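Peer 1: Take this sequence and fold it.
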Amino acid sequence: MLIDEFLPVYDFDEKHEIKIRASAEKVSAALESLDFNESAVIRSLLWLRGLSAKDDCSESSKASTLRDMTKSYFVVLGEKPNEEILLGIAGKFWTLAGDVQKLQAEEFRAFAKEGYAKAAWNFTLSEDSEREVCLKTETRVQCLGAASQESFRFYWWFIKPFSGWIRQEMLRLVKQKAEAAA
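Peer 2: Numbers count the residues shown, from 1 in each chain. Purely as a prediction, here's the structure:
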């Protein structure tokens, strides 16, 4: 998996998965086109964290997809069509501003600035049968130094349930969209 290549050592992680009755191509297309604005949960929680492309959490006709997140915050670290996409971000997530570092894929691997953390977030698809795909998401965080680990641990204690909620909602929406298209 790409996540193992980019962030094999980590301090925190979170995993979720869902079974979808559709082909890998349909699931991949649903993931790529998923508009986070379709979910009030995702839209509101991303807005609260400051990761929304919009100025408020109201309904908007502007789409907000995984690719849209790479315009400001995340970078695509790698992808294998219909198998995996890996996003990365580095910063001080536990601070209000986040101090996000704009990195390219190779810079992400080498980034080791004390006091920061790096996170890798993937989606992987594996066909369980001709008619079913398992879509998994994993988030890994590596803290760069004892101070950042302590700060992130406190932050993670509060944010992890909401982070999980966002990911579970994303998986649910992908399932709904892919199965409707199948």
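
Peer 1: What residues of the helix or strand bottoming out on mean pLDDT in the chain count as buried?
Peer 2: Least confident helix or strand of the chain, by mean pLDDT, DSSP states H and E, is helix 40-49 with a mean of 79. By neighbour count on 16 or more other CB atoms under 10 Å, the buried set for helix 40-49 is 41-43, 45-47. Where C-beta positions appear, they are placed from N, C-alpha and C, glycine not excepted.

Peer 1: Pipe these into JSON lines and attach distance to Phe12 per row.
Peer 2: Formatted as JSON lines, the buried residues of helix 40-49 follow (distance: CB to CB, whole Å):
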{"residue": "Val41", "distance to Phe12": "22"}
{"residue": "Ile42", "distance to Phe12": "21"}
{"residue": "Arg43", "distance to Phe12": "25"}
{"residue": "Leu45", "distance to Phe12": "18"}
{"residue": "Leu46", "distance to Phe12": "19"}
{"residue": "Trp47", "distance to Phe12": "23"}
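
Peer 1: Am I right that Glu79 is in contact with Thr70?
Peer 2: No. Here Glu79 does not reach Thr70: they are 11.1 Å apart, not a contact under CB atoms under 8 Å.

Peer 1: Please report how far the most far-flung residue of the chain relative to its centre lies from Gly91.
Peer 2: Distance from the C-alpha centroid of the chain, by CA atoms, centre = their mean, peaks at Glu130 (26.8 Å). Distance, Glu130 to Gly91, by CB to CB, to the nearest Å: 42 Å.
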